[in-house]
Every structure is written in C-alpha cells, then in structure tokens.
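>>> Structure here, sequence nowhere to be found:
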Ligand SMILES: C[S@@+](CC[C@H](N)C(=O)[O-])C[C@H]1O[C@@H](n2cnc3c(N)ncnc32)[C@H](O)[C@@H]1O
C-alpha cells in the first residue's frame, strides 16, 4: 500500500471539531486509497505496512471520521460536540438514533458523556444517528 | 506431564499444584487514555476487587462482578488491557523510551506492543510484525482500541523479512511451544522433543535476523512463554557464541529464578546467571523466560 503524507487533513479536525494545532501537530496524516491514518511515529511508513497508526478518516466518497480516532482526540473537540447522559450514551453506543439532541448541529459530531468520548455520530434532520461500529457496541452482560 | 522438568524447576511440588489450578486475571491501565487512579476507582465502583503489584501498573483481579474481565465499557474504551503480569515483564525490561525506534518481531495480538507504546507515550516508532492474518487482525484491533498511534503493523516471516531500518531496541517474543500458558489454555497439549527442536531452530533464525536489524549498542529482549531450555538458554547461548552479542543481567522486581545451567548434556553456565525464569508458582501467574542481549 502507498502511504501519501497529507498533513492538510489536520485542517479537517481543526475546522470541524475545533481541535487545536497543539494537539494535531502530534500526528502526521497518511492517505491510502480509502482511508486517512493518524500516525505519531517518526519513521516513515513502509509500503509493506498494513496499518499505520490509527485510521482517522474514511475518504472514499465523503470524509467521515472514525470512532477510534475520535476516542483519542475527541476530548479536545470544542465544536460539533454533543454531551449525552449515561442512559442516552448507552443507547447511542448500542446503535440507536436519538431525537431532539442535535438541535442546530448538522453532519458528523463527537458524542460524549461528562467522562468519556463515545464515538462518532451523524446529525441529520435533527436526529443523532450512531456511527459506532458494531465491534464497539456493548453486550447486555457488560457492566 | 511436566515430570521431565522436575530437576530444573525449584519447589516442583508447588509448581505442579499451581499449574493444576486456574490462573487469576491481571490487567494494566492503558495510560495513553486514562490515569491509573481514575480507572481503578471506576472498576472498584463497579464491584471489582483488585490488588496492585508493588509500584507497578499491574493489577491482579481478586474478584469481579462479570464473567470475563473484558466485559466492561471501560475495556471497550481501551482504558485497560487484560494481561498476565509475567507477560508484561519483557516489555518493562526492554524499557522503550519516548522517541526510540523499536521492532516487535512477533507481535500479535499486541499485549507487549501496546504496553511498549504506553511506555513510549506514543512517541517514537514501533514496527509490529507477525505472520498470521487472524492474529494480525487482533493486533490491529488492540492497537486501535488502546489508541496506539506510533505503531506500524507489517505481515511477514521475521526470519527473512527486511524491516527497512536499524532499531534502537528489539523485542523478540518468540513463537514457542507455550508450556508456560498451558495453565491458561489447558486444551493446548504437551509438546514433545521434536517440537522443542523445531522451535529452537526457528528461534535461532529469528534472533539472527533480530541481530541484523539492531543498531550497534542496541538492546534485544528475547522472551518465550515456555520452559524447555532448548527454546530458551540454548537460543541465548547461540546469540552470545555465534552472533557475538553481549548478555546483560535481567533485573526486575517480580519473583523469579535464574536460568538452567545444564540440560541434556549441554552446559549453559556462561549465560544462565543472567537470564530470568518466572514460574507459575512464584506469583501465581503464567510462565516466562526473559533474556537481555546487546549488539557489540
Ligand atoms: C508468543 S506469540 C507473540 C505474543 C505477542 N508478543 C504478545 O505479547 O501479544 C508468538 C507469535 O509469533 C508469530 N510467529 C510465528 N512464526 C513467525 C515468524 N516466522 N515470523 C513472525 N512471527 C511469527 C505467531 O503468529 C505468534 O503470534
């Protein structure tokens, strides 16, 4: 795989989520065919690498942030952040959509509780649609 | 079935007792994402009873309100990693620092890779390699869950792979017959002599390629989770005598013994006092062998 260094993707996180340069400068962004990877290592990615840091964005048709990367930097977001309570949070993590929560927000948002970043949500027509991948959905036996 | 080791494992009766009982779970806090105190208090509030080992980020679970220690939201958020303390030791001993360049030749599922990344505060680089696709997927998801961003994952045979760089530190947590984890996976049968000899050869090829990629003065930690000296002292002696590496004493504050001096007619006294063996009955853990080597 070819990894093209494109640090311009920092602008995405700055513009959409208001994350400061101070945080973003810790990462270099590398583009592959359909993803952008956030990598804080300092040796250049080799073409044999299957994974470089953490997948930060999917970029095939539209640009979409990943829950994994938002769980790393989402706590520094100052824009497009939605705070939910624990009950709403569990529903969101389980993949449910939540109404009356987006207010005027549109597009991708960081969804969090007071203590944890839960992941990526999408606000569309006032509804918060969970973008949390299945692998991160809680099981009913979990505490 | 462990009878053949009665002459090398001290307090053999206690050893047999330990391997016949289930092994407690341990975890470490993923300091890339949360502070130790905060996580400990969250798990305690949920009803976990845990005990910290000395001043290490290593906690034994005495009892828990869930069937599996990973069945919590905190685990899914990547706030902790379930890992036996014996398996943490090789990474602690390699002691990677922020900014260093580290190669983890047989890394999946990433217990030690993710611990090293935490010690490095996600600064510097780790190349984490393995051969098996299914295990590489587990490595990828652990790296992602724990928020490790300084790792590059490669798939290749570490005996021959060109890792494209020289490294300050290398971890060779070698594929082995796994006698030390039989306790955890009792379905894993007892290996025979042929397997020990096969793995010994494989491990020598791996350590040779580790040497190729190590900077002069660089540090290599060789570890296995098995007891047979052919996979342990024998491989380390090969590195010292054939690759001309220096052996350094392994120091770490967990209960352990030194290496085996004589086995099947071979004399390992040149290296046996430097290496560390962790046996299940010493701290009620899995088994581990650890050696530290330096490239001249
Ligand atoms: C003891 S396990 C590694 C455990 C890992 N270091 C951890 O702490 O999570 C050994 C690994 O070596 C891998 N392996 C076996 N042969 C290999 C080879 N020739 N090159 C690289 N890796 C190999 C296996 O797939 C296995 O994942």
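Yep, that arrived. None of these values were measured; they are calculated from a predicted model. Numbers count the residues shown, from 1 in each chain, chains lettered A, B, ... in the order given.
>>> hey, where'd the strands end up in the stretch 1-150 of chain B?
In the stretch 1-150 of chain B, strands defined by DSSP state E, counting those that start in this stretch lie at B:26-29, B:49-52, B:59-63, B:80-82, B:101-104, B:125-130, listed in chain order.
>>> ok, now chain A?
In order along the chain, chain A carries the following strands (DSSP state E): A:4-5, A:28-31, A:35-39, A:51-52, A:54-58, A:64-65, A:81-83, A:107-112, A:117-124, A:127-130.
>>> Tell me the gap between the last one and the middle of its chain.
Here the centre of mass of C-alpha atoms in strand A:127-130, compared against the chain's by CA atoms, centre = their mean, to the nearest Å, lies 14 Å away.
>>> Now render the strands of chain A as JSON lines, adding mean neighbour count, distance to the ligand and mean pLDDT.
The way it works is simple: take the backbone N, C-alpha and C, and place the C-beta from them, glycine included. Rendered in JSON lines, the data for the strands of chain A read as follows (neighbours: other CB atoms under 10 Å in any protein chain shown; distance: least, CB to the nearest ligand atom, whole Å; pLDDT from 0 to 100):
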{"stretch": "strand A:4-5", "mean neighbour count": "12", "distance to the ligand": "28", "mean pLDDT": "96"}
{"stretch": "strand A:28-31", "mean neighbour count": "22", "distance to the ligand": "24", "mean pLDDT": "97"}
{"stretch": "strand A:35-39", "mean neighbour count": "23", "distance to the ligand": "21", "mean pLDDT": "98"}
{"stretch": "strand A:51-52", "mean neighbour count": "24", "distance to the ligand": "15", "mean pLDDT": "96"}
{"stretch": "strand A:54-58", "mean neighbour count": "21", "distance to the ligand": "18", "mean pLDDT": "98"}
{"stretch": "strand A:64-65", "mean neighbour count": "20", "distance to the ligand": "29", "mean pLDDT": "98"}
{"stretch": "strand A:81-83", "mean neighbour count": "16", "distance to the ligand": "35", "mean pLDDT": "97"}
{"stretch": "strand A:107-112", "mean neighbour count": "24", "distance to the ligand": "30", "mean pLDDT": "98"}
{"stretch": "strand A:117-124", "mean neighbour count": "22", "distance to the ligand": "26", "mean pLDDT": "98"}
{"stretch": "strand A:127-130", "mean neighbour count": "19", "distance to the ligand": "31", "mean pLDDT": "97"}
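>>> got the contact list for the closest residue to the ligand within chain A?
Of chain A, the residue with the smallest distance to the ligand, taken as CB to the nearest ligand atom, is residue A:48 at 13.2 Å. Residues in contact with residue A:48, defined by CB atoms under 8 Å, 6 or more residues apart in numbering or on different chains, are B:154-156.
>>> Filter those down to the buried ones.
Buried residues within the contacts of residue A:48, defined by neighbour count using 16 or more other CB atoms under 10 Å in any protein chain shown: B:154-155.
>>> Please state the mean pLDDT value computed over stretch B:61-72.
Averaged across stretch B:61-72, the pLDDT comes to 96.
>>> could I get the strands of the stretch 1-150 of chain B as a markdown table with mean neighbour count?
Formatted as a markdown table, the entries for the strands of the stretch 1-150 of chain B read as follows, by neighbours: other CB atoms under 10 Å in any protein chain shown:
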| stretch | mean neighbour count |
| --- | --- |
| strand B:26-29 | 24 |
| strand B:49-52 | 14 |
| strand B:59-63 | 15 |
| strand B:80-82 | 21 |
| strand B:101-104 | 27 |
| strand B:125-130 | 27 |
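>>> List just the one of those strands that sits closest to the ligand.
Of all the strands of the stretch 1-150 of chain B, strand B:125-130 sits nearest to the ligand, with 4.8 Å by CB to the nearest ligand atom.
>>> And for the closest residue in space to residue B:207 that isn't next to it in sequence, the neighbour number?
Excluding the flanking residues, the one nearest residue B:207 by CB to CB, 6 or more residues apart in numbering or on different chains is residue B:239, at 5.1 Å. Residues contacting residue B:239 under the criterion other CB atoms under 10 Å in any protein chain shown number 25.
>>> show me what contacts residue B:239?
Neighbours of residue B:239 in contact, by CB under 8 Å, 6+ apart: B:207, B:211, B:220, B:222, B:245, B:247, B:293.
>>> Kindly report the same for residue B:252.
B:89, B:92-93, B:276, B:290.
>>> As JSON lines, the strands of chain A with distance to residue B:286 would be great.
Below are those laid out as JSON lines (distance: least, CB to CB, whole Å):
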{"stretch": "strand A:4-5", "distance to residue B:286": "41"}
{"stretch": "strand A:28-31", "distance to residue B:286": "37"}
{"stretch": "strand A:35-39", "distance to residue B:286": "32"}
{"stretch": "strand A:51-52", "distance to residue B:286": "27"}
{"stretch": "strand A:54-58", "distance to residue B:286": "29"}
{"stretch": "strand A:64-65", "distance to residue B:286": "39"}
{"stretch": "strand A:81-83", "distance to residue B:286": "42"}
{"stretch": "strand A:107-112", "distance to residue B:286": "37"}
{"stretch": "strand A:117-124", "distance to residue B:286": "33"}
{"stretch": "strand A:127-130", "distance to residue B:286": "38"}
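>>> between those strands, which one is nearest to residue A:71?
Proximity to residue A:71 (CB to CB) singles out strand A:117-124 among the strands of chain A, at 5.1 Å.
>>> what stretches of chain A score poorly on pLDDT?
By pLDDT under 70, chain A contains no weakly predicted segment.
>>> hmm, back to that, do you know which of the strands of the stretch 1-150 of chain B lies nearest residue A:104?
When the strands of the stretch 1-150 of chain B are compared for distance to residue A:104 using CB to CB, the nearest one is strand B:80-82, at 37.4 Å.
>>> Relative to the closest one, what are the paired strands and their orientations?
Each strand pairing with strand B:80-82, determined using DSSP bridges, is listed with its direction: strand B:26-29 (antiparallel).
>>> Tell me the spacing between residue B:4 and residue B:200.
Distance of residue B:4 to residue B:200, computed by CB to CB, to the nearest Å: 16 Å.
>>> So these two - more neighbours on which side?
residue B:200 (20 against 12).
>>> In space, what's closest to the more buried one - neighbours in sequence excluded?
Leaving out its chain neighbours, the residue that sits closest to residue B:200 by CB to CB, 6+ apart is residue B:230, at 4.3 Å.
>>> my read is that neighbour is in a helix, agree?
Yes - with the criterion set as DSSP: H, G, I helix; E, B strand; the rest coil, the secondary structure at residue B:230 is a helix.
>>> Surely residue A:57 and residue A:35 touch.
Yes - at 6.7 Å, residue A:57 counts as touching residue A:35 under the criterion of CB atoms under 8 Å.
>>> who's in contact with residue B:99?
Going by CB under 8 Å, 6+ apart, the list of residues near residue B:99 reads A:42, B:120, B:123-124.
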